[in-house]
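> what shape does this take:
(chains A and B)
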Protein chains: 2
Amino acid sequence: MNLRKESAKPSGFVRVVEMKGILYGIGIGPGDPEHITLKAVRMMKEVDIIAAPGKVVKETTAYKIAVQAVSEIADKELLPIYMPMVLDRKQIESDHRKGADAIEECLKKGKSVGFITLGDPTVYSTYSYVEKLVKDDGFETAYISGITSFCAAAASLGIPISEWQEPFHVIPAVHQLGDKLDLKGNYVLMKSGKKMAEVKEILAKSGRNVTMVENCGLENEHRYFSVEEIPDDAGYFSLIIAKENRER
Amino acid sequence: MNLRKESAKPSGFVRVVEMKGILYGIGIGPGDPEHITLKAVRMMKEVDIIAAPGKVVKETTAYKIAVQAVSEIADKELLPIYMPMVLDRKQIESDHRKGADAIEECLKKGKSVGFITLGDPTVYSTYSYVEKLVKDDGFETAYISGITSFCAAAASLGIPISEWQEPFHVIPAVHQLGDKLDLKGNYVLMKSGKKMAEVKEILAKSGRNVTMVENCGLENEHRYFSVEEIPDDAGYFSLIIAKENRER
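Down below sits the predicted model:
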């Protein structure tokens, strides 16, 4: 409970004002608990409640990673925010609203909430949808940065994503690609797992240097160094880096 | 000095093999020492030598940030890698070669080197040029991820870079932009400082939601929430996020 003591005019009288809690979106990186930042560690220790996207907090990937770095979260109040991946936009919006309501109930009691999220909370995170609703309702919110999946994947592959003045393009869905990779610079393709055969065809045609990491930072991480190596049934958490065919 | 003890066949006899050191590119994030990861902290403590891009290590921005999180580096052997920003490609390549040579001298002695670098070492880092040379010469190298400047900037602005299936495009130099921002999705413009008046014109024409952070994570950080607010003489370390004009 956050209480702020305010000295009122008559001496000796202290007015206690109840404060609303703050919502923090805490990025915990893509898998390796050592990818968590000092700030994320501190925030997880300081908040009253840990929220995570899932039915049961302790069963979420985010929690399982975070607790390895900050064991204290196991003893905190845990708030599951259930937002299943569905296609119906109305259903999604309703789930986000329910999540925001549950969080706001806690904030109203003066409790701070740390919503742990894989990767970075500003890059395709479910946190940002809920955060918008909570902020619009007049609560204070914040983003705590995390390592992105594409930086961790490039590190694992031992290659830079871009050098010199090469732009790079992060594409989160295959149908955004079009049928060729003709932008200047390099590509990062996320979540291509479902349509890998199709993506492989586009990649092969592009003549680019293609590398891929599956399940980056997790125990079953696997790396691929050419289009031919990539299996058609690669997992959902596959990240592809397709670079212009320069000297390197 | 890294020594590996190998038990040889005859019992009681131990052969000592001298090992070469490893080069690590350690991302320390864009400014706030709390953005450093647990792994980067551990690596800075474990390596024998701290290298940083500059004439005097203790005067580099990277060192000044890192030492706030890991005070132990002040007592380590420090290796300055001087690679000034120049336009002459031959000069740049010669500087990279000299940097690689200096690092290799240390690695040959069995010492490990941690090359600290702002942001993430796979995203426009001087580390990657030196790393390539050192790796090609047969030494072991690695990348240790850091928070990118654009993730930290978005967090500071309190906005997501991209949501749903919006792609985003990271553009490191103004002349790469062309004269309009017509790609689907959002833009991250880095290092636009030098030609800000020109960039502002392109941004204004685009009709996008434009935000900017100058000196993200440093004491003199400044945030701007429209094109009009941005000064023509904004600093080199300015990062612009230009989003498609959606509901948010």
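
> mind listing the strands for chain A?
In chain order, chain A shows strands spanning A:3-7, A:14-18, A:23-27, A:49-53, A:77-81, A:113-117, A:141-144, A:168-171, A:186-190, A:209-214, A:222-224, A:238-243, with DSSP state E as the criterion.

> can you show me the helices along chain A?
Secondary structure of chain A (DSSP state H): helices at A:38-46, A:61-69, A:89-108, A:127-136, A:149-157, A:196-206.

> number of nearby residues for A:R42?
Look at A:R42: counted by other CB atoms under 10 Å in any protein chain shown, it has 14 neighbours. All C-beta spots, glycine's among them, are computed from the backbone N, C-alpha and C.

> surely it and B:E34 touch.
Yes. Look at A:R42 against B:E34 with CB atoms under 8 Å: they come within range, at 7.0 Å.

> re earlier: tabulate the strands of chain A (TSV), appending mean pLDDT and distance to chain B.
Converted to TSV, these look like this (pLDDT from 0 to 100; distance: least, CB to the nearest CB, whole Å):
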stretch	mean pLDDT	distance to chain B
strand A:3-7	47	22
strand A:14-18	58	24
strand A:23-27	98	8
strand A:49-53	97	14
strand A:77-81	97	16
strand A:113-117	98	11
strand A:141-144	98	4
strand A:168-171	95	5
strand A:186-190	95	9
strand A:209-214	95	12
strand A:222-224	95	13
strand A:238-243	95	9
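
> JSON lines for those strands, including mean neighbour count?
Written out in JSON lines, the entries for these read as follows (neighbours: other CB atoms under 10 Å in any protein chain shown):
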{"stretch": "strand A:3-7", "mean neighbour count": "9"}
{"stretch": "strand A:14-18", "mean neighbour count": "10"}
{"stretch": "strand A:23-27", "mean neighbour count": "28"}
{"stretch": "strand A:49-53", "mean neighbour count": "25"}
{"stretch": "strand A:77-81", "mean neighbour count": "18"}
{"stretch": "strand A:113-117", "mean neighbour count": "29"}
{"stretch": "strand A:141-144", "mean neighbour count": "23"}
{"stretch": "strand A:168-171", "mean neighbour count": "24"}
{"stretch": "strand A:186-190", "mean neighbour count": "25"}
{"stretch": "strand A:209-214", "mean neighbour count": "23"}
{"stretch": "strand A:222-224", "mean neighbour count": "16"}
{"stretch": "strand A:238-243", "mean neighbour count": "24"}
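
> and the end-to-end length of stretch A:168-187?
6 Å (CA to CA, to the nearest Å).

> what's the neighbour count on A:H175?
9.

> and the gap between it and B:P167?
Between A:H175 and B:P167 the computed distance is 11 Å (CB to CB, to the nearest Å).

> what's the answer for A:V199, then?
When A:V199 is compared with B:P167 (using CB to CB), they lie 15 Å apart.

> same question for A:A66.
As defined by CB to CB, A:A66 lies at a distance of 29 Å from B:P167.

> looking at the two, which is more packed in?
Of the pair A:A66 and B:P167, A:A66 is the one with more neighbours under other CB under 10 Å, namely 28 against 22.

> the more buried one: what's it in contact with?
A:I26, A:I28, A:P33, A:I36, A:M44, A:I50, A:I73, A:I116 (CB atoms under 8 Å, 6 or more residues apart in numbering or on different chains).

> turn these into CSV, columns for distance to B:D120.
Conversion of those to CSV gives the following (distance: CB to CB, whole Å):
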residue, distance to B:D120
A:I26, 19
A:I28, 16
A:P33, 18
A:I36, 15
A:M44, 22
A:I50, 26
A:I73, 26
A:I116, 21
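
> and these, which two are the farthest apart?
Within those, two members stand farthest from each other by CB to CB: A:P33 and A:I50, at 14.8 Å.

> any regions of chain A where pLDDT drops low?
Segments of chain A classed as low confidence (criterion: pLDDT under 70) are A:1-18, A:246-248.

> got the domain boundaries for it?
The record, using automatic domain parsing to delimit domains, assigns chain A the ranges A:3-144, A:149-243.

> take these and write them to CSV, including distance to B:V134.
What follows is the domains of chain A, written out as CSV (distance: least, CB to CB, whole Å):
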stretch, distance to B:V134
domain A:3-144, 23
domain A:149-243, 12
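
> quick check: closest non-adjacent residue to A:H222.
Counting by CB to CB, 6 or more residues apart in numbering or on different chains, the nearest residue to A:H222 once its immediate chain neighbours are dropped is A:E214, at 4.4 Å.

> measure that neighbour to B:R89 for me?
Per CB to CB, A:E214 is found 37 Å from B:R89.

> next: A:A142.
Applying CB to CB, the value for A:A142 to B:R89 is 43 Å.

> just A:I28 next, same as before
Shown here: A:I28 relative to B:R89, a distance of 40 Å by CB to CB.

> so between these two, which is more surrounded?
The residue with the greater number of neighbours, taking A:I28 and B:R89 and applying other CB under 10 Å, is A:I28; the counts read 31 against 9.

> surely that one meets A:I65?
Yes. The pair A:I28 and A:I65 qualifies as a contact (CB under 8 Å) at a distance of 5.5 Å.

> identify the contacts common to those two.
With CB under 8 Å, 6+ apart as the test, A:I28 and A:I65 both reach A:I36, A:L118.

> for beta bridges, what are the partners of A:I116?
In this structure, A:I116 has the following beta-bridge partners (DSSP bridges): A:I26.

> for it, give me its contacts.
Neighbour list for A:I116: A:I26, A:I28, A:M44, A:I50, A:A51, A:A52, A:A62, A:Y63, A:A66 [criterion: CB under 8 Å, 6+ apart].

> try 10 Å
Contacts were defined as CB atoms under 10 Å, 6 or more residues apart in numbering or on different chains; by that measure A:I116 touches A:24-28, A:36, A:40, A:43-44, A:47, A:50-53, A:57, A:60-63, A:65-67, A:70, A:73, A:127, A:144, A:146.

> name the nearest residue to A:I22, sequence neighbours excluded.
A:E140 (4.6 Å).

> repeat for A:E72
Distance criterion CB to CB, 6+ apart; nearest residue to A:E72, sequence neighbours excluded, is A:K45 at 5.6 Å.

> count of residues packed around the one you found?
So A:K45, with other CB under 10 Å, has 12 neighbours.

> pretty sure it contacts A:S112?
No. In terms of CB atoms under 10 Å, A:K45 does not count as a neighbour of A:S112; the distance is 11.4 Å.

> wait, A:S112 touches A:V47, no?
Yes. The pair formed by A:S112 and A:V47 meets the contact definition of CB under 10 Å, at 4.5 Å.

> which one's more surrounded, those two?
For the pair A:S112 and A:V47, the greater number of neighbours falls to A:V47 (24 against 20), based on other CB under 10 Å.
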